[in-house]
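Asks: Pasted the sequence and its predicted model underneath.
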Amino acid sequence: MSFVNRQVDVATLPRFDAVRLEKPSPAYRRLVSIIVGLVAAPVLIAAILFAAAAHGVTLPVRLLVLLLVVAVLAGVAAIVHAHVRCIGYAVREHDVILRSGIFFKAESVQPLKRIQHVEQVQGPLDKRFGLWTLKLYSAGTGRATFSIPGLEADTANAIRRFVLSFHEPAAPAASPPETSVPADG
């Protein structure tokens, strides 16, 4: 048998950008807003206290520092919320797709036949909102290939069951190799 390596016509390859992506639960946006608020509140309080009580610093400088802190916090909050809006996933017959990223976009396509382990994770804040993160582990790696955040319990359970129940279509049975019998001679 000789080695064959035919060129593939790129125009005929499957397109993943035409896949309709699901979004995380709307509760995930609320959870992210709360986390941003919990992180931003102490910084904002410190900036307000500085603006109110900094002796030896002129009022315009104190107000400028306060406005700068507010602008940075607003920018960070906007970026975090934009990132949440960019997350999308799709579960198909033979693979799972995850897209994310604002500035650096990422698209992961994980064949189901390569997934060895699925983990559902729920932190304390996730639990309060009834949300789960589904982590998919690929064959040959010790870490999650990717995580799908912000899933409601029913959705996370359904995806986990589907992924774990995947069975690759059976390959046609190979015929036994022909054996040759030496001729008497």
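Replies: Sure thing, it's come through.

Asks: Contact partners for Cys86?
Replies: Applying C-beta atoms under 8 Å, 6 or more residues apart in numbering, we find Cys86 in contact with Arg99, Ser100, Gly101, Ile102, Lys105. Every C-beta, even on glycine, is put in place using the N, C-alpha and C of the backbone.

Asks: if we go to 10 Å?
Replies: By C-beta atoms under 10 Å, 6 or more residues apart in numbering, Cys86 lies in contact with Leu21, Lys23, Arg99, Ser100, Gly101, Ile102, Phe103, Lys105, Ala106.

Asks: Correct me if wrong: the fifth one contacts His83.
Replies: Same thing as Gly101. Yes. Gly101 is within contact range of His83, at 7.4 Å (criterion: C-beta atoms under 10 Å).

Asks: Please work out how many residues are found near Ala158.
Replies: Residues lying near Ala158 (other C-beta atoms under 10 Å) number 13.

Asks: Am I right that it falls within a helix?
Replies: Yes. Per DSSP: H, G, I helix; E, B strand; the rest coil, Ala158 lies within a helix segment.

Asks: pLDDT wise, what is it at?
Replies: pLDDT, Ala158: 96.

Asks: would you list every one of the strands in this protein?
Replies: Along the chain, counting by DSSP state E, strands occupy 88-91, 95-100, 106-111, 115-121, 131-138, 144-152.

Asks: Reformat those as CSV; add distance to Ala77.
Replies: Converted to CSV, the strands of the chain look like this (distance: least, C-beta to C-beta, whole Å):
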stretch, distance to Ala77
strand 88-91, 21
strand 95-100, 18
strand 106-111, 22
strand 115-121, 24
strand 131-138, 20
strand 144-152, 17
